[in-house]
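Visitor: Below is the structure, and that's it, no one-letter string:
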């Protein structure tokens, strides 16, 4: 697994000796039980729903609370210096169906991320990665980004400024900015195309999902359909 440092250096003075001593004491005496449960690591990408050209690489550190619900803390890297940039909740299709219609507008579909090969679980054996993605088929995520840091030259934002942004998912080839996925793959020794090929057997599991067409036509590049990724609004709602 490739190491990915933070996308931005935080504004402020270096840690003092006093702060280091306090941290050491806290580490020895206080609990970190909630964060100890964040034992699933995923890396993917998010465009912002209201500003689709704002796109970020998101390192998810997640806890699978039960078979239908997971919660994740998002970072801009996977080292000890990475910046926390948001949160994501992941629910199954079963729980999504129970949501009020007004609430569903906040939840993005995941099949495009999985079947495109963009969402990966770094360093897991291929069989384990495949099984994890199988479990996430037809699921949905509610994601808020609080810090717009990217690994591009223009993305070195030193503080989490402004309001949180609701994130969405890529549901067509060509929607990510050129180089976004490729840069991640090169940096982390990941082959998205190979992951995509290895997940073709998941196609029969894919159901039409709400939200697939929410950002359709809002990207300046030509976009092509991802096989198996279909908007539910174009199908019978009973599906």
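Guide: Now that the structure is in, tell me what you want to look at. This one's a predicted model, so the numbers in the text were calculated from it and none came from an experiment.
Visitor: can we go C-alpha only for contacts and neighbour counts from here?
Guide: OK.
Visitor: Give the burial count for residue 204, as a bare number.
Guide: Using other CA atoms under 10 Å, residue 204 is surrounded by 8 other residues.
Visitor: should've said residue 34
Guide: By other CA under 10 Å, neighbour count at residue 34 equals 8.
Visitor: which SSE is it in?
Guide: helix 33-36 (DSSP states H and E).
Visitor: got the contact list for the helix or strand just after that helix?
Guide: Later in the chain than helix 33-36, the nearest helix or strand by DSSP H and E is strand 40-47. For strand 40-47, contacts defined as CA atoms under 8 Å, 6 or more residues apart in numbering pick out 53-64, 113, 118-122, 167-170, 176, 181.
Visitor: Over to stretch 181-193?
Guide: Contact partners of stretch 181-193, identified using CA under 8 Å, 6+ apart, comprise 1, 2, 3, 4, 45, 57, 116, 117, 118, 122.
Visitor: need those in JSON lines with neighbour count and pLDDT, can you?
Guide: Shown next, in JSON lines, are the contacts of stretch 181-193 (neighbours: other CA atoms under 10 Å; pLDDT from 0 to 100):
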{"residue": "1", "neighbour count": "12", "pLDDT": "62"}
{"residue": "2", "neighbour count": "14", "pLDDT": "75"}
{"residue": "3", "neighbour count": "11", "pLDDT": "74"}
{"residue": "4", "neighbour count": "17", "pLDDT": "76"}
{"residue": "45", "neighbour count": "20", "pLDDT": "97"}
{"residue": "57", "neighbour count": "23", "pLDDT": "94"}
{"residue": "116", "neighbour count": "25", "pLDDT": "97"}
{"residue": "117", "neighbour count": "23", "pLDDT": "97"}
{"residue": "118", "neighbour count": "22", "pLDDT": "97"}
{"residue": "122", "neighbour count": "17", "pLDDT": "94"}
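Visitor: so where's the chain shaky on pLDDT?
Guide: 1, 5-32, 151-156, 234-239 (pLDDT under 70).
Visitor: Please enumerate the helices of it.
Guide: 17-29, 33-36, 93-98, 111-115, 126-136, 180-188, 192-198 (DSSP state H).
Visitor: nearest to residue 225, of those helices?
Guide: Residue 225 lies closest to helix 111-115 among the helices of the chain, at 9.3 Å (CA to CA).
Visitor: what about that closest one, distance to the chain center?
Guide: 11 Å (CA atoms, centre = their mean, to the nearest Å).
Visitor: ok, now stretch 44-57?
Guide: Centroid separation between stretch 44-57 and its chain, computed with CA atoms, centre = their mean, is 10 Å.
Visitor: and what of stretch 159-171?
Guide: 11 Å.
Visitor: Filter the contacts of strand 40-47 down to just the buried residues.
Guide: The neighbour-count criterion (16 or more other CA atoms under 10 Å) marks 53-63, 113, 118-122, 167-170, 176, 181 among these as buried.
Visitor: List the contacts of the closest residue to residue 87 other than its chain neighbours.
Guide: Closest residue to residue 87 apart from its sequence neighbours, by CA to CA, 6 or more residues apart in numbering: residue 73 at 4.7 Å. Going by CA under 8 Å, 6+ apart, residue 73 touches 60, 61, 62, 84, 85, 86, 87, 88.
Visitor: among the contacts of strand 40-47, which are in strands?
Guide: Those of the contacts of strand 40-47 mapping onto strands are 55, 56, 57, 58, 59, 60, 61, 62, 63, 64, per DSSP state E.
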